[in-house]
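Chemist: sharing a model prediction with you, sequence too.
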Amino acid sequence: MKGRTCWLVFACLLMAVLTLSCKKEPAGPTEQEQTKPVIKDPKKRMAYNLGEYLAGEYASSVDKVVVSETKVTIEGKCGGDGKYLLAEITPWQDVTEMESFPYTDQLSGRNFSLTLDRSVKGREGIDYDRVFSKWAVIKVDGEKPSLDSHARYADEVAPKRSPSLLRLRSQKGLAAGGGNIYFSDCDEMKVSTITMNVLINGFIDQAGSDFTYGGIGYSIGAEWRKTIDEITSDAAQRNLVVCAILLAPTSSSYRDPENTGGNYTMPNITTAKAFNKYAAVLEYLAERYTHEEGKRIHHWIMHNEVDMSKEWTNMGDQPVLRYLDRYLKSMRICYNIVRQYDQNASVLASYTHSWRASDGGYSPWDMLTKTVSYSRAEGDFRWGVAYHPYAQDITKPEFWKNDTKATGLQTTSYVTFKNLEVIDAWIKQKENLYQGKTKRMLFLSEQGTNSPSFSDDDLAKQAAGACWAWKKVKKLDGIDAIQWHNWMDNAAEYGLHLGLRKADFQPKPVWGVWKAAGTDKEDEVFDPYLKVIGISSWDEIYLDVK
């Protein structure tokens with residue numbers, strides 16, 4: 001009896017041990033979760049996540065997105081067995097920060113092709129067009145969804161109209177202006193392209209019944225529309241390529257919720273209704289100004305000098321990737337509207353004369369390099385560069401002497417008239433080409449040399465700088481155009497005198513230089529300025545880039 005009792009006790013103990021050993025322990029953190037740093041600041045955490053996302057290699061992929069007039073077709077691959085979903089990511093959502101995905105469709109099989117309705121009625125208060133969405137594969141492990149691919153934007157979008165390409169007749173252009181004298185100068189100087197400031201709040205800034213988009217009505221500003229109508233009409237009569245600079249004043253209703261000041265703001269696209277208002281004004285502009293003949297905008301410069309964000313495209317203090325992610329969303333929204341009306345149009349990113357330097361907060365080289373990474377990860381689009389190669393010290397006209405930090409190296413701090421070869425080389429590098437084949441558009445859309453005073457000496461230095469700039473641009477085939485800024489001196493520009501004309505419209509010597517550029521009078525007008533620079537031949541100004 002005693003032995004049997006011992007045996008029963010032993011058996012019970014053995015069963016208990018086996019039960020404990022077989023009991024499933026809670027899953028510990030994955031290797032990725034163990035190595036991921038704990039970042040408490042949500043902005044820095046998002047920037048880190050974006051960096052991991054861009055550099056990440058995923059098992060699944062979205063390979064093609066085609067948007068027709070009424071449907072969206074998404075094709076791709078699932079990385080293995082298990083449960084997969086196709087997630088739709090809207091512009092007001094941040095793909096790396098989503099713990100759940102509200103807009104999904106079930107996937108089955110390794111290869112998939114789903115066709116969905118393009119229009120979604122009543123999504124978060126708007127009638128939403130899926131042309132703006134990007135699409136990603138989500139893997140569901142238990143109850144936890146996780147990103148298993150990069151998110152891809154539309155590769156193809158059905159056109160509503162297809163105006164022909166207006167080719168640049170030359171690289172010579174003028175910055176923003178208007179009126180009879182301005183367009184008379186366009187004629188006399190035989191320029192090929194102009195820029196034009198477009199304050200988007202001048203078109204739409206409040207609710208109304210003039211224009212409906214996404215199921216919401218907006219009021220159209222007739223006064224600003226009249227101004228843009230006149231400029232684009234005058235430009236069309238001369239076959240001028242027009243580049244619109246899209247600006248949202250900080251005081252407007254487009255103000256980003258994290259904006260802390262500055263002249264202009266990053267547009268607010270943080271909610272469905274905020275996005276819809278921004279998309280509405282872009283839709284209105286694209287529909288009105290992309291006709292074969294008459295009023296037309298050919299290319300779209302997105303905001304102003306985004307590397308100097310605090311002043312010109314303010315979104316508050318941000319890590320560079322969080323700021324760039326929002327900027328690229330703004331560019332994509334514009335592009336996916338404009339490409340429906342003009343398949344030859346590019347959207348251009350606006351930067352200062354900094355290159356590796358980050359005087360205004362960010363380095364243009366870094367932002368452009370990361371933009372290439374975004375294109376590689378999320379599908380390429382026709383973006384280009386609107387660069388502003390002012391002198392290192394914008395007040396001093398003798399950049400050939402003073403720009404000591406503008407060198408022929410790709411690591412240079414600045415790109416100015418002195419070393420335009422650097423950005424010319426960058427735009428032509430294979431890894432930076434559109435779809436690896438086509439050079440992206442590069443405009444020098446805002447720059448000039450200053451005349452600190454109106455003395456003969458200062459005016460001669462300003463004119464000499466323009467000679468140098470033109471000679472450089474003419475030789476560099478990566479640069480599509482240079483629009484001289486300013487057409488006339490602007491009293492609001494911190495005391496600078498960058499214009500071809502004085503504020504009273506009187507032409508300066510630089511006006512004669514710009515008129516002669518690209519004509520048979522070029523050498524006759526330019527050569528006397530060799531002495532001002534201190535060289536004997538224009539061949540001395542060119543650099544070898546390393």
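Modeler: Done, it's in.

Chemist: which residues touch the residue nearest to residue 306 when sequence neighbours are not counted?
Modeler: Residue nearest to residue 306 in three dimensions, not counting chain neighbours: residue 313, with 4.6 Å by Cβ to Cβ, 6 or more residues apart in numbering. No exception for glycine: its C-beta is placed from N, CA and C like everyone else's. Contacts were defined as Cβ atoms under 8 Å, 6 or more residues apart in numbering; by that measure residue 313 touches 262, 264-266, 303-306, 327.

Chemist: just the buried ones among these, please.
Modeler: The neighbour count (16 or more other Cβ atoms under 10 Å) marks 262, 264-266, 303-306, 327 as buried among the contacts of residue 313.

Chemist: any idea which of these is closest to residue 527?
Modeler: residue 305 (34.3 Å; Cβ to Cβ).

Chemist: so how far is the first residue of stretch 193-208 from its last?
Modeler: This stretch, stretch 193-208, spans 35 Å end to end (Cα to Cα, to the nearest Å).

Chemist: ugh, wrong one, I meant stretch 122-132
Modeler: Distance between the boundary residues of stretch 122-132 (Cα to Cα) amounts to 16 Å.

Chemist: of all the residues in that stretch, which ones are buried?
Modeler: In stretch 122-132, counting by 16+ other Cβ under 10 Å, buried: 123, 126, 128-132.

Chemist: try stretch 365-375
Modeler: For stretch 365-375, a neighbour-count test (16+ other Cβ under 10 Å) marks 365-368, 370-375 as buried.

Chemist: do stretch 434-442 as well
Modeler: 434, 440-442.

Chemist: let's have these in TSV, adding secondary structure, pLDDT and distance to residue 195.
Modeler: Output for those, formatted as TSV (DSSP: H, G, I helix; E, B strand; the rest coil; pLDDT from 0 to 100; distance: Cβ to Cβ, whole Å):
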residue	secondary structure	pLDDT	distance to residue 195
434	strand	98	22
440	coil	98	18
441	coil	98	13
442	strand	98	14
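
Chemist: most widely separated two among those residues?
Modeler: Across the buried residues of stretch 434-442, the longest distance by Cβ to Cβ is 11.8 Å; it joins 434 and 442.

Chemist: for the chain, give me the ranges with low pLDDT.
Modeler: Applying pLDDT under 70 to the chain flags residues 1-35.

Chemist: can you tell me the centre-most residue of it?
Modeler: For the chain, residue 349 is the residue whose C-alpha lies nearest the centre (Cα atoms, centre = their mean; 3.8 Å).

Chemist: not counting sequence-adjacent ones, nearest residue to that one?
Modeler: residue 385 (5.7 Å).

Chemist: ok, now which ones touch that neighbour?
Modeler: 348-349, 351, 368, 423, 427, 440-443.

Chemist: out of the residues you listed, list just those in helices.
Modeler: Counted as lying in helices by DSSP state H, out of these, are 368, 423, 427.

Chemist: from those residues, which is closest to residue 333?
Modeler: Within these, proximity to residue 333 (Cβ to Cβ) peaks at residue 368, which comes in at 19.7 Å.

Chemist: circling back to that earlier point, same list, the contacts of residue 385, but as a markdown table with distance to residue 396 please.
Modeler: Shown next, in a markdown table, are the contacts of residue 385 (distance: Cβ to Cβ, whole Å):
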| residue | distance to residue 396 |
| --- | --- |
| 348 | 28 |
| 349 | 27 |
| 351 | 21 |
| 368 | 27 |
| 423 | 21 |
| 427 | 27 |
| 440 | 31 |
| 441 | 30 |
| 442 | 25 |
| 443 | 24 |
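
Chemist: of those residues, just say which sits nearest to residue 529.
Modeler: For these, the nearest to residue 529 is residue 423 (23.8 Å; Cβ to Cβ).

Chemist: quick one: that closest one from residue 437, how far?
Modeler: 20 Å (Cβ to Cβ, to the nearest Å).

Chemist: cool, and residue 36?
Modeler: 37 Å.

Chemist: swap in residue 526?
Modeler: According to Cβ to Cβ, residue 526 and residue 437 sit 36 Å apart.

Chemist: quick one: list the elements packing against the helix or strand containing residue 284.
Modeler: Element membership of residue 284, judged by DSSP states H and E, is helix 272-288. Secondary-structure packing of helix 272-288 (3 or more Cβ pairs under 8 Å, 6 or more residues apart in numbering; DSSP states H and E): strand 126-129, strand 204-213, strand 216-220, helix 320-341.

Chemist: which of these sits most buried?
Modeler: Stretch with highest mean neighbour count among the helices and strands packed on helix 272-288: helix 320-341 (a mean of 23; mean count of other Cβ atoms under 10 Å).

Chemist: ok, residue 413 to residue 208 distance?
Modeler: Taking Cβ to Cβ, one finds residue 413 at 48 Å from residue 208.

Chemist: apologies, that question was intended for residue 173.
Modeler: According to Cβ to Cβ, residue 173 and residue 208 sit 36 Å apart.
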